[in-house]
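> I would like to see how this sequence folds:
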Amino acid sequence: MKYIIAGLGNFGASLSQKLTAQGNEVIGIDTSMEKVDLYKDKISHTICMDATDEFTVSGLPLKDTDIVIVAIGEDQGANIMTTALFKNLQVKRLISRAINPLHEKVLEALGVDEIVHPEEETAERWAKKLCIKNVVDSFELNEHFSIIEANVPEEYVGRTIRDIGFRRKYNILVLTIIKKSEVKSLLGKSRTELSVQGIATPDVELEETDILVLYGSNKDLQNFLKHQGH
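Down below sits the predicted model:
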């Protein structure tokens, strides 16, 4: 996949390097030539430029880019300007970094697709979340094993865990299932509530809206997700 990451601070640089190492094409942008030089051998492409400048940003290969991530952390104004600029240029998927709750509200108003909180979420987690399709979230236990949340593949809806044979077929364990339900508030607004079901039993039937919590080696988990064709 192709990424543009604006801001090569700790989070942006770490995410850019991890995504590059996983075989993606990454364009890392920063106003600091020092940072651009520092990471030029570790990130597919690094460019020294001002991401708030519409003329230079519109020269980037935006149509061919799958995801744009605004990782600027120190300068809130630059983060908002850059996010607004990429939004106006109609990039396919826009993720931006929130610095505080008010900033998050502004990003939501701009209509970003997802918001990152690097203080709470690591670059490893985001690299995995972005690279493995169909993954809702992930938790890395060490470099080889992970627990991931994944949507139920279409062909497994209505089938039981025993029938699918996760352990036998893919060498992964279904730890639990998270059920989604629509709950109406006092004001009549409906919201989605997630409830964890406890340890998954072999005879539980999977529903379309379920989220599977899976444990296994990174290789086996990726193999399972690739096999689904998602």
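
> ok, the nearest residue in space to Glu114 that is not next to it in sequence - contacts?
Closest residue in space to Glu114, ignoring its immediate chain neighbours: Ile95 at 4.6 Å, by C-beta to C-beta, 6 or more residues apart in numbering. Where C-beta positions appear, they are placed from N, C-alpha and C, glycine not excepted. Residues near Ile95 by C-beta atoms under 8 Å, 6 or more residues apart in numbering: 67-70, 112-116.

> How about the contacts made by the residue nearest to Val157 when sequence neighbours are not counted?
Distance criterion C-beta to C-beta, 6+ apart; nearest residue to Val157, sequence neighbours excluded, is Glu208 at 4.9 Å. If a contact means C-beta under 8 Å, 6+ apart, then Glu208 has 152, 154, 157 as its contacts.

> Counting neighbours, what do you get for Ile115?
14 (other C-beta atoms under 10 Å).

> part of a helix, is it?
No - using DSSP: H, G, I helix; E, B strand; the rest coil, the assignment for Ile115 is strand, not a helix.

> ok, Pro202 touching Thr160?
Yes - at 6.6 Å, Pro202 and Thr160 qualify as touching, with contact defined as C-beta atoms under 8 Å.

> Ala150 sits in which helix or strand?
Using DSSP states H and E, Ala150 maps to strand 145-151.

> okay, how far is it across stretch 52-61, tip to tip?
16 Å (C-alpha to C-alpha, to the nearest Å).

> related to what we said a few turns ago, output the strand holding Ala150 in CSV with nothing but the alpha carbons.
Taking Å, rounded to 0.1, in the frame of the first residue of the first chain, the C-alpha atoms of strand 145-151 are listed here in CSV:
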residue,chain,number,x,y,z
PHE,A,145,2.5,-13.3,18.9
SER,A,146,-0.5,-11.0,19.0
ILE,A,147,-4.1,-10.8,20.0
ILE,A,148,-6.2,-9.1,17.3
GLU,A,149,-9.8,-8.1,16.9
ALA,A,150,-11.1,-9.0,13.5
ASN,A,151,-14.5,-8.9,11.7
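
> That one pairs with which strands, parallel or anti?
strand 135-140 (antiparallel), strand 211-217 (antiparallel) (DSSP bridges).
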